[in-house]
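S.K.: heads up, no residue letters with this:
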């Protein structure tokens, strides 16, 4: 299994040009399930996955993507959008979900709820929103790894204008703001980057043992 994941990660690269072929919806749903299962602080998942399927909407996003045509070319486009309101309501909703899923009274989770609320109370609004964006990026890492294992090509993209995305997608009305996006698809045969050797630092330079 370890060998398989290493092979998958060596196969993965940031696709520069996608083919016109679409990925089956069943495979996309499996990938989204894997992403939903991502590690996240306290299990709170302070972000949402916005699937942008409309060609018309993607064309509106292109000017906010520094002209990166992958936004239009890819089979599926995922926007990781962080929640803007981080605090007691989020914690209360999570505690209710835990109570329902595990069949335990919410009163038994009061200590956990108070702890989480205390942590967020100690942050200012900027720190809370930064925390939410950090969690979205953890989920992006899960998506990239799962996609590699499933042989789904990807290109994570932080080079965008988040405010423009927020406007086009009306994310303000949902209490969300764009964090990062990821194009999904199948590499084009003419994408020469697929043949380039992957360059990463050796373990001796990357891994520090103290």
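M.R.: Yes, it's here. These figures come from a predicted structure and were not determined experimentally. Numbers count the residues shown, from 1 in each chain.
S.K.: need the helices for this structure, in chain order.
M.R.: 2-11, 25-36, 55-61, 70-73, 88-102, 110-121, 125-149, 162-168, 203-206 (DSSP state H).
S.K.: could those be laid out in JSON lines, adding mean neighbour count?
M.R.: Every C-beta, even on glycine, is put in place using the N, C-alpha and C of the backbone. Formatted as JSON lines, the helices of the chain follow (neighbours: other C-beta atoms under 10 Å):
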{"stretch": "helix 2-11", "mean neighbour count": "11"}
{"stretch": "helix 25-36", "mean neighbour count": "15"}
{"stretch": "helix 55-61", "mean neighbour count": "14"}
{"stretch": "helix 70-73", "mean neighbour count": "19"}
{"stretch": "helix 88-102", "mean neighbour count": "14"}
{"stretch": "helix 110-121", "mean neighbour count": "14"}
{"stretch": "helix 125-149", "mean neighbour count": "18"}
{"stretch": "helix 162-168", "mean neighbour count": "18"}
{"stretch": "helix 203-206", "mean neighbour count": "8"}
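S.K.: nearest approach to residue 197 belongs to which of the ones you listed?
M.R.: Taking C-beta to C-beta, helix 2-11 is the member of the helices of the chain nearest to residue 197, at 9.6 Å.
S.K.: now that closest one: mean pLDDT?
M.R.: The pLDDT scores in helix 2-11 average 88.
S.K.: just how off-centre is that helix within its chain?
M.R.: How far helix 2-11 lies from its chain's middle: 20 Å, per C-alpha atoms, centre = their mean, to the nearest Å.
S.K.: separation between the most centrally placed residue in the chain and residue 154?
M.R.: In the chain, the centroid-proximal residue (C-alpha atoms, centre = their mean) is residue 140; its distance is 3.2 Å. Plainly put, residue 140 is 9 Å away from residue 154 if you go by C-beta to C-beta, to the nearest Å.
S.K.: how close does residue 74 get to residue 35?
M.R.: Following C-beta to C-beta, the distance that separates residue 74 from residue 35 is 16 Å.
S.K.: before we move on, the earlier item: tell me the confidence at the residue nearest to the centre of the chain?
M.R.: You'll see residue 140 listed with a pLDDT of 98.
S.K.: now for the helix or strand of the chain with the lowest mean pLDDT, which elements pack on it?
M.R.: The helix or strand of the chain with the poorest confidence is helix 2-11; it has a mean of 88 (mean pLDDT, DSSP states H and E). Under the contact definition 3 or more C-beta pairs under 8 Å, 6 or more residues apart in numbering; DSSP states H and E, helix 2-11 sits against helix 125-149.
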